[in-house]
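# What follows is a predicted protein model with its sequence.
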Amino acid sequence: MSTYLVFGATGNVGRRVAERLAWSGAAVRATSRNPEAAKLPHGVEVITPDLTAPGALDDVEGAFLMWPFHSGDPARPIVDALKRRVRRVVFMTGGGTLPGLAPDEQPNPVARWHATVERLIEQSGMEWTVLSPSTFMANTLWWSTQTKAGDSVRGAFGSLAMTPVHEDDIAAVAVHALIEPGHATHRYTLTGPEVLTQAEQVRLIGQAIGRPLHWQELTLEQERARLLADPGFPDDFIGELLDGYATMAAAPRPEVTSAVPDITGTPATTLSAWAAEHAADFGGDQR
Ligand SMILES: NC(=O)c1ccc[n+]([C@@H]2O[C@H](COP(=O)([O-])OP(=O)(O)OC[C@H]3O[C@@H](n4cnc5c(N)ncnc54)[C@H](OP(=O)(O)O)[C@@H]3O)[C@@H](O)[C@H]2O)c1
């Protein structure tokens, strides 16, 4: 039986990849810095994320890799370890990484780290697939403290258009790319089925959970102060996030791609369906 490694298996996407592989009957080895708390399906072997440790890559046929690091420095040892033992790698890159540009030509540090990994993987000799997802639907959970407290969501860039994608649709594509032939040397841009501004996302989440939610626009400085005051939001991510939104706002309006339905054979999930799954997280049962 083939064994697949899932790196970052407790994350938004990695958990879904590990679950889908396990449900397909594959042997799954998954990484977490805290294996005892990983809560992955029965039968999934959970190891710490040191891929150079003895046995970490034994019998691994394919690996799902995401990038949790705030640097490109770990890229070489990780890709070197993989290429010695693994035939196929599926890498989930950052949404802002521009294809075809060298790491030092990328527009920001996050894109540079991800481009560094992409380049090493492409030169590694492994069969590689790069998944370039648009904004995760799960990012809307950042609004959940506000939706539990009232009917408005305050933030900047309310008219910013995105193509939010369900994390499970990304995972479904990753599993296809891991277990079936035909995906090597492909870079897939994965989106959800709709172009939606942030204000429209709030309205749709409201409809899905039965509450009249609306967007309340803040200036950039008000938004920075609001995020800094939010204990649940990491301070070192605020600049990265707001810079990313400013870059997206200056870019052409994003377009929906057909990669998810083309590869999985199933339509990409709407935000309304995703929000219905997460109604309780948004305080959907509160009035
Ligand atoms: N959010 C978006 O809209 C978006 C869009 C496009 C691309 N992306 C990219 O998606 C990636 C994030 O994916 P995600 O949201 O699925 O991840 P996530 O939910 O943030 O989870 C991070 C995963 O990495 C593991 N991890 C954290 N620090 C680690 C470390 N130092 N060493 C080894 N493992 C570590 C965590 O496991 P443990 O804590 O159990 O160790 C967890 O499984 C980033 O590369 C981001 O740029 C995100």
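On my side now, so go ahead. Numbers count the residues shown, from 1 in each chain.

# Please identify the residues of the stretch 1-150 of the chain in proximity to the ligand?
8-14, 32-34, 49, 66-69, 92, 94-95, 133, 135-136, 139 (CB under 6 Å from any ligand atom). C-beta here means a position set from N, CA and C on the backbone, and glycine is covered the same way.

# Just the buried residues of the residues you listed.
8-14, 32, 49, 66-67, 92, 94-95, 133, 135-136 (16 or more other CB atoms under 10 Å).

# I'd like the distance between Ala280 and the ligand.
19 Å (CB to the nearest ligand atom, to the nearest Å).

# Could you give the number of residues near that residue?
Per other CB atoms under 10 Å, the neighbour tally for Ala280 reads 11.

# Now do the SS call for it.
helix (DSSP: H, G, I helix; E, B strand; the rest coil).

# near the ligand, anything from the top helix by length along the chain?
Using DSSP state H, we find that the single longest helix of the chain is helix 235-250. No: shown here: helix 235-250 not in contact with the ligand (CB under 6 Å from any ligand atom), separated by at least 8.8 Å.

# Just the pLDDT for the residue in the stretch 151-287 of the chain that the ligand sits nearest to.
In the stretch 151-287 of the chain, no residue comes nearer to the ligand than Glu167, which is 6.6 Å away by CB to the nearest ligand atom. For Glu167, the pLDDT comes out at 98.

# Check Phe233 too.
So Phe233 comes in at 87 (pLDDT).

# Then Ile78?
On the pLDDT scale, Ile78 gets 98.

# residues touching the closest residue to it other than its chain neighbours, list them.
Closest residue to Ile78 apart from its sequence neighbours, by CB to CB, 6 or more residues apart in numbering: Leu51 at 5.8 Å. Leu51 sits next to 5, 7, 31, 57, 77-78, 81-82 when contact means CB atoms under 8 Å, 6 or more residues apart in numbering.

# Could you tell me which of those residues count as buried?
Buried among the contacts of Leu51 (16+ other CB under 10 Å): 5, 7, 31, 57, 78, 81-82.

# So which of the residues you listed sit within helices?
78, 81-82.

# would you turn those into JSON lines with distance to Val175?
As requested, these are exported to JSON lines (distance: CB to CB, whole Å):
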{"residue": "Ile78", "distance to Val175": "21"}
{"residue": "Ala81", "distance to Val175": "22"}
{"residue": "Leu82", "distance to Val175": "18"}
